[in-house]
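Trainee: The amino acid sequence is not available; the structure is as follows:
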């Protein structure tokens, strides 16, 4: 896949040829961190992906996740994933959550009411209401879309008002959040989960995704709308 050669990629996971014995999700980028950025599959089961003979991971039990450790700091990021949402069972449902919520770390998730949700805080968990920059999209999901494969993406840049959410290649307006008038800091990932939250800020908080993922990528830049739309169109084939 030509995308693997893009030097702007931090990590790319195609979810191809997984088996029940697979415990490592391979980073397929042809440069950079390589296998050091592989993910560790915990609990999540191999399932059919968005087309026939395409594998995916199914997240359902409270412990299902893919574990990552991605060092670095970036002035801009793009995250995208092909996701099949079966239900939004939790108040917030994980797409990609950094452990805990330390300084400048990011959270990407789905609200129970069907918003895409991106957040980062320059102060970590210190006085979250005062410092946490949260960006919520318009509602896009309701139970009628259960079981449908969707292309979800977010782009974020350091500064004010530079977060964009996408569904199926189209921009979703920002509909709410907190502290959006304050600048977004440079962003970090570190230890993180796809489809879960290993080390929540509060005890007994569960954010397990109820659904499947069959492709996931992280770029160290904010892709433009044309590029996001192109990835979506290419991924539908």
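Mentor: Noted; the coordinates are in hand. The model shown is predicted, which means the values in this text are computed figures rather than measured ones.
Trainee: tell me which helix or strand of the protein sits lowest on mean pLDDT?
Mentor: The helix or strand of the chain with the poorest confidence is helix 128-131; it has a mean of 77 (mean pLDDT, DSSP states H and E).
Trainee: That one: how far from the chain's middle?
Mentor: 22 Å (CA atoms, centre = their mean, to the nearest Å).
Trainee: could you say what helices and strands the helix or strand just after it packs with?
Mentor: Sequence-wise, the next helix or strand downstream of helix 128-131 (DSSP states H and E) is strand 133-137. Where contact means 3 or more CB pairs under 8 Å, 6 or more residues apart in numbering; DSSP states H and E, strand 133-137 is packed against strand 116-120, strand 163-167, strand 174-178. Bear in mind the C-beta positions are built from the backbone N, C-alpha and C, glycine included.
Trainee: wait, residue 81 sits on residue 213?
Mentor: Yes: Residue 81 is within contact range of residue 213, at 5.4 Å (criterion: CB atoms under 8 Å).
Trainee: Need the residues touching each of those two.
Mentor: Taking CB atoms under 8 Å, 6 or more residues apart in numbering as the criterion, residue 81 and residue 213 both touch residue 194.
Trainee: longest single strand anywhere in this protein?
Mentor: strand 76-87 (DSSP state E).
Trainee: Run the chain-centre distance for the next helix or strand after it.
Mentor: Per DSSP H and E, the first helix or strand lying C-terminal to strand 76-87 is strand 92-98. Distance of strand 92-98 from its chain centroid, counting by CA atoms, centre = their mean, is 7 Å.
Trainee: returning to that earlier point: comparing residue 81 and residue 213, which residue is more hemmed in?
Mentor: residue 213 (28 against 22; other CB atoms under 10 Å).
Trainee: That one sits in which helix or strand?
Mentor: Judged by DSSP H and E, residue 213 forms part of strand 210-219.
Trainee: now the angle from that strand to strand 76-87?
Mentor: Relative orientation of strand 210-219 and strand 76-87, computed by axes from the mean of the first three to the mean of the last three CA atoms, to 10 degrees: 170 degrees.
Trainee: Strand 210-219 vs strand 92-98, what angle?
Mentor: Going by the same axes, to 10 degrees, strand 210-219 makes 30 degrees with strand 92-98.
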